[in-house]
Structures are given as C-alpha cells and as structure tokens.
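*Asks:* no sequence for this one, just the structure:
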C-alpha cells in the first residue's frame, strides 16, 4: 500500500517527486520519510539557490528514471540524487561533504549496514567533479548530474544565467574567467560523459553548448 506524504502548505511536492521519494524510502528502509522529505524540499527552495533548486533535482530524477536499470544499487543512486545538493551555500567550500554526511546519517538511522552508508556517502561526494568516478553507479550518478550540459540550447543558456545569478556576489570579470576555466576543463576531457548511454544521447550537444558558452565568456 502506497503511503501518502503530508507536508506543510508552504512546501510544494509534485507527483514525480512524491513517487521518487516513496521509492527511495522503500528501497533504503527509511521509516520517517515525510519529515525528511519536508526538510529536503525546504532546503532546495532556499532563496540563495538559483540553479541548485527543485528544478535541478527534478531534471536529475527525470534523467535517472529511464536508466535506473543500469545501476547496480538503484535505490542508493536515487537517494544520492536527492541529497547531492541538499546543503548548498554559495560561498561554502564543503557543501558536498555536508550533504554526504547528512545522507550517510539518514542511511545509518534507517538501519542499513556501514557498507551501504559508505557507498551513499561516496556517491554524493563524487558530485564534487574533482576526480573521475570509479564505480559504475558513481559514473551513472555523475552523468545524470552533468546532463544539464547536454540540454537543449535554450535550457543550457538558462542554466548558465542561473549559475551566474548564484554567484552575483563575485565581480563580473572574475566570474567570467573562473567559469570559462571550469567549462574548458569539461570540454578538454576525452569524453564529458562516463556511460555509453549518456555519451550517445548528450555528448555532441554538450560540446556545442560548452563551445558556445566559452566563446561568449571570452567576450
């Protein structure tokens, strides 16, 4: 029997989010799902967020759904998607660490083994994108998180504006330089995406988007 999640009126949850969260709770044995869901949704709607919002979370879950079968532990990957930006301070240097620790504690409190908690922690931490993901589930998670790079040009341009809005406190010349460096590092990779599925679907569009954005930033 499907459990109905009741949330405060100020928190909006779509059918997609509700379905995904119920799936995660069943897969990971999370008993206090309603309260935790409320906390997560409130976090993703914090005012300092412009890109790392519910829009991004929903886009990730949409990308994950058709490739769920590629994951070795799909429940863990889906839970990591929920938590990968759970903590987000625009000036913070340890957002992924705090998000990973939160996810790890949730898994441990649900009675999972330390091995499961460690895997979830590692999944969230790999979204720092400072090293190539090692396991197949980490590769899939990173590809889902980076799928915005291969979005349609209109959505990619909106994404770039959202990122710039999150960093509005950074001087414009510095933001353009740092942002260009980040995008150039992605473009310099032999492959942007780790899995054959995402390479086939998004690699070409992602490279077109990156080249266009880099050229704009150089101006």
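*Replies:* On my side now, so go ahead. Not measured: the values here are computed from a predicted model.

*Asks:* If I look at residue 109, what pLDDT would I see?
*Replies:* Reading off the confidence values, residue 109 has pLDDT 90.

*Asks:* What sits closest to residue 147 if chain neighbours are left out?
*Replies:* Spatial nearest neighbour of residue 147, excluding adjacent residues (Cβ to Cβ, 6 or more residues apart in numbering): residue 63 at 4.7 Å. Every residue, glycine included, has its C-beta placed from N, CA and C.

*Asks:* Helix, strand, or coil at the one you found?
*Replies:* Here residue 63 is recorded as helix under DSSP: H, G, I helix; E, B strand; the rest coil.

*Asks:* What's the local residue count around it?
*Replies:* By other Cβ atoms under 10 Å, the residues close to residue 63 number 22.

*Asks:* where's it relative to residue 36, distance?
*Replies:* 23 Å (Cβ to Cβ, to the nearest Å).

*Asks:* Please apply the same query to residue 64.
*Replies:* Counting by Cβ to Cβ, the gap from residue 64 to residue 36 is 19 Å.

*Asks:* which helix is the longest one in this structure?
*Replies:* helix 196-218 (DSSP state H).

*Asks:* For that helix, enumerate the helices and strands it packs against.
*Replies:* If you count contacts as 3 or more Cβ pairs under 8 Å, 6 or more residues apart in numbering; DSSP states H and E, helix 196-218 packs onto helix 136-146, helix 153-166, helix 172-188.

*Asks:* report the angle between the axes of the last one and helix 136-146?
*Replies:* Spelled out, that is helix 172-188. Interaxial angle, helix 172-188 versus helix 136-146 (axes from the mean of the first three to the mean of the last three Cα atoms, to 10 degrees): 140 degrees.

*Asks:* related to what we said a few turns ago, ranking the helices and strands packed on helix 196-218 by burial, who's on top?
*Replies:* Of the helices and strands packed on helix 196-218, the one with the most neighbours on average (mean count of other Cβ atoms under 10 Å) is helix 136-146, at a mean of 22.

*Asks:* For that one, enumerate the helices and strands it packs against.
*Replies:* Judged by 3+ Cβ pairs under 8 Å, 6+ apart, helix 136-146 is in contact with helix 54-64, helix 74-83, helix 114-125, helix 196-218.

*Asks:* would you turn the ones you listed into JSON lines with distance to residue 163 and mean pLDDT?
*Replies:* Below are these laid out as JSON lines (distance: least, Cβ to Cβ, whole Å; pLDDT from 0 to 100):
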{"stretch": "helix 54-64", "distance to residue 163": "11", "mean pLDDT": "96"}
{"stretch": "helix 74-83", "distance to residue 163": "19", "mean pLDDT": "97"}
{"stretch": "helix 114-125", "distance to residue 163": "20", "mean pLDDT": "94"}
{"stretch": "helix 196-218", "distance to residue 163": "10", "mean pLDDT": "97"}
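
*Asks:* Understood, closing this out.
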